[in-house]
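Colleague: This is a predicted model, with the sequence first.
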Amino acid sequence: MALGSSFNQAIGGSSPSRGKKGKIMKQLELSSRINAMSWCDEIEESAMTQIEDLSRHPCLFKHIAVMPDCHCGYGMPIGGVIACKDAVIPNAVGVDIGCGMSYAETDFPANMITPDKIKEILGYVRALVPVGFKHHEEAQEWAGFDNAPEIEIIQSNVESARRQLGTLGGGNHFIELQAVDKGEIAVMVHSGSRNFGYRVAKEYNEKAIALCDKWHSDVPNKDLAFLPVDSKEGQEYIEAMNYALRFAYQNRMLMMDRTKSCIRSLLECEFVDELDINVHHNFAALENHYGKNVWVHRKGAVKANKGLMGVIPGSMGTSSYIVKGLGNRESFCSSSHGAGRVMSRSGASKTLTVDECDKAMDGIVFGRWGKARNGKPDLGEAPQAYKDIDAVMESQSDLVEIVSKLRPLGVVKG
């Protein structure tokens with residue numbers, strides 16, 4: 001079957017099946033040995049090509065799960081979930097290992113906060129949390145630094161990581177103040193493992209390519225090179241990845257703690273401890289699905305076991321959601337990690353105008369748009385560059401249950 005044929009079939013949908021809440025989940029009829037289950041209404045052709053490549057991978061188990069925020073990534077689409085038998089694929093985790101969300105809710109009424117107070121809080125946060133390429137001037141404390149695995153790529157980056165801990169990074173990373181639909185103020189942090197994740201991903205993807213070339217492995221393309229979990233390289237990657245996950249978790253926790261201290265001092269409020277959430281959306285883990293122990297890779301996807309709390313952000317100008325997982329086995333108990341892009345960063349900057357992006361952010365406190373490499377405004381994070389988060393949530397009503405809806409009040413971007 002030609003790619004164009006399978007792409008049209010996928011979008012048109014073969015025989016659909018209905019999820020727990022009556023939503024249609026399409027089965028994509030692919031041209032290879034396994035199919036894909038899709039919750040995405042429209043899959044861009046470049047992402048569909050990557051799904052086709054995945055379907056020919058020798059290590060994949062059962063099917064591919066395509067989340068409603070799916071868009072083209074590197075090797076594998078962002079918003080994709082796969083399970084592998086006895087193998088890990090570095091590019092199916094991604095370069096920002098452990099990127100994820102943390103969330104905390106206050107007892108302060110949202111209708112009592114003013115724009116000036118929001119600006120003041122965000123100003124204090126910026127003073128405590130370095131953003132973009134900035135790091136702390138002093139090394140940060142974390143017991144994990146003294147227990148770093150004896151893996152060269154980790155050990156060579158530990159010293160710089162001591163000053164990266166508790167930093168936001170750039171791109172789509174953010175700290176946001178939100179108004180909960182129940183009436184309170186909340187805060188969200190989106191960040192990952194900083195340079196650790198990038199270095200580990202790059203190092204072990206190169207090792208995977210070299211080994212697959214040596215073994216003449218039947219991989220669809222080099223971007224999907226894999227490591228057997230019983231190999232030295234596979235064991236090293238898993239250990240390094242898990243360390244990057246711990247670093248990412250601690251990174252978000254430190255930023256959240258410092259943001260909480262700002263909010264407590266300026267609003268004289270308390271936080272609701274039982275609503276603290278800290279979850280990854282770029283990782284691989286050994287799990288049992290369909291009676292088999294398999295390595296589930298979630299790249300831009302959140303674990304959504306039944307009853308498990310999660311955070312699904314929209315864009316910086318649209319709603320976000322707190323959810324509980326429904327444990328849908330066809331998605332490997334997963335859901336989307338956000339809204340998902342409809343424009344690349346460069347495409348948004350070429351297509352959109354500052355005026356229309358400012359209008360989309362009306363009523364939300366944020367800094368000025370950054371500068372792209374060509375010196376023009378970087379509009380890659382404008383709301384128009386992302387899918388409609390409400391439509392995304394509608395498409396995955398059989399994957400998660402909505403607990404609360406959040407409205408953005410102010411944002412610090414990386």
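Modeller: Looks like it arrived, so ask away. Numbers count the residues shown, from 1 in each chain.
Colleague: where does Tyr321 land in three-state SS?
Modeller: Using DSSP: H, G, I helix; E, B strand; the rest coil, the structure places Tyr321 in strand.
Colleague: Near it, how many residues? Count them for me, please.
Modeller: Using other Cβ atoms under 10 Å, Tyr321 has 23 other residues around it. Backbone N, C-alpha and C define where each C-beta goes, glycine included.
Colleague: Surely it touches Ile389?
Modeller: Yes: at 7.5 Å, Tyr321 and Ile389 qualify as touching, with contact defined as Cβ atoms under 8 Å.
Colleague: Now for those two: what residues contact both?
Modeller: Shared contacts of Tyr321 and Ile389 (Cβ atoms under 8 Å, 6 or more residues apart in numbering): 312-314.
Colleague: what's the closest of those residues to Glu206?
Modeller: Pro313 (31.7 Å; Cβ to Cβ).
Colleague: all helices in the stretch 201-350 of the chain, in order from the N-terminus.
Modeller: Ranges of helices within the stretch 201-350 of the chain are 232-267, 345-351, based on DSSP state H, counting those that start in this stretch.
Colleague: Cys99 is nearest to which of the ones you listed?
Modeller: That would be helix 232-267 among those, by Cβ to Cβ, at 6.7 Å.
Colleague: What is the burial count for the closest residue in space to His337 that isn't next to it in sequence?
Modeller: The spatial neighbour of His337 that comes closest, neighbours along the chain excluded (Cβ to Cβ, 6 or more residues apart in numbering), is His281 at 3.7 Å. Counted by other Cβ under 10 Å, the residues lying close to His281 total 30.
Colleague: Could you check how far His281 is from His190?
Modeller: Going from His281 to His190 by Cβ to Cβ, to the nearest Å gives 9 Å.
Colleague: Turn the helices of the stretch 201-350 of the chain into TSV, columns for mean neighbour count.
Modeller: TSV is the format used below for these (neighbours: other Cβ atoms under 10 Å):
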stretch	mean neighbour count
helix 232-267	20
helix 345-351	17
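Colleague: Which one, of these, ends up nearest to Tyr198?
Modeller: helix 232-267 (9.4 Å).
Colleague: Endpoint to endpoint, stretch 89-105 covers what distance?
Modeller: 36 Å (Cα to Cα, to the nearest Å).
Colleague: so Asn328 makes contact with Asp398?
Modeller: Yes: using Cβ under 8 Å, Asn328 makes contact with Asp398 at a distance of 5.8 Å.
Colleague: The two: which is more packed in?
Modeller: With neighbours defined as other Cβ under 10 Å, Asn328 and Asp398 compare such that Asn328 has more, 23 against 20.
Colleague: Name the nearest residue to that one, ignoring sequence neighbours.
Modeller: Nearest residue to Asn328 in three dimensions, chain neighbours excluded: Leu399, at 5.1 Å (Cβ to Cβ, 6+ apart).
Colleague: Quick one, grab the pLDDT at the one you found.
Modeller: Note on Leu399: pLDDT of 97.
Colleague: tally of neighbours for it?
Modeller: The burial count for Leu399: 31, using other Cβ under 10 Å.
Colleague: Check the spacing between it and Ala360 real quick.
Modeller: 27 Å.
Colleague: what do you get for Lys306?
Modeller: With Cβ to Cβ as the criterion, Lys306 and Ala360 are 36 Å apart.
Colleague: Please apply the same query to Gly300.
Modeller: Distance of Gly300 to Ala360, computed by Cβ to Cβ: 23 Å.
Colleague: Same drill for those two, tell me which one is more crowded.
Modeller: More crowded of Gly300 and Ala360, by other Cβ under 10 Å: Gly300, with 25 against 17.
Colleague: my guess is the more buried one contacts Asp69, does it?
Modeller: Yes: if you go by Cβ under 8 Å, Gly300 and Asp69 touch, sitting 6.7 Å apart.
Colleague: Low-confidence ranges, the chain, go.
Modeller: Scanning the chain with the threshold set as pLDDT under 70 gives 1-24.
Colleague: Could you rerun that using 50?
Modeller: By pLDDT under 50, the low-scoring segments of the chain are 1-22.
Colleague: Give me the number of neighbouring residues for the nearest residue to Phe133 once chain neighbours are set aside.
Modeller: Closest residue to Phe133 apart from its sequence neighbours, by Cβ to Cβ, 6+ apart: Gly170 at 6.8 Å. Gly170 is flanked by 15 other residues according to other Cβ under 10 Å.
Colleague: Next, give phi and psi for Gly170.
Modeller: Main-chain dihedrals, Gly170, degrees, to the nearest 10: phi -120, psi -150.
Colleague: Show me what stretch 125-143 is in contact with.
Modeller: With Cβ under 8 Å, 6+ apart as the test, stretch 125-143 has contacts from 160, 162-170, 173, 175, 247, 250, 254-255, 258-259, 261-262, 412-414.
Colleague: beta partners for Val323?
Modeller: Counting by DSSP bridges, Val323 forms beta bridges with Gly310, Ile402.
Colleague: Please list all residues in contact with Ala47.
Modeller: By Cβ under 8 Å, 6+ apart, the contact set of Ala47 is 70-73, 77.
Colleague: so it is in which element?
Modeller: When elements are assigned from DSSP states H and E, Ala47 belongs to helix 45-55.
Colleague: Good, wrapping up.
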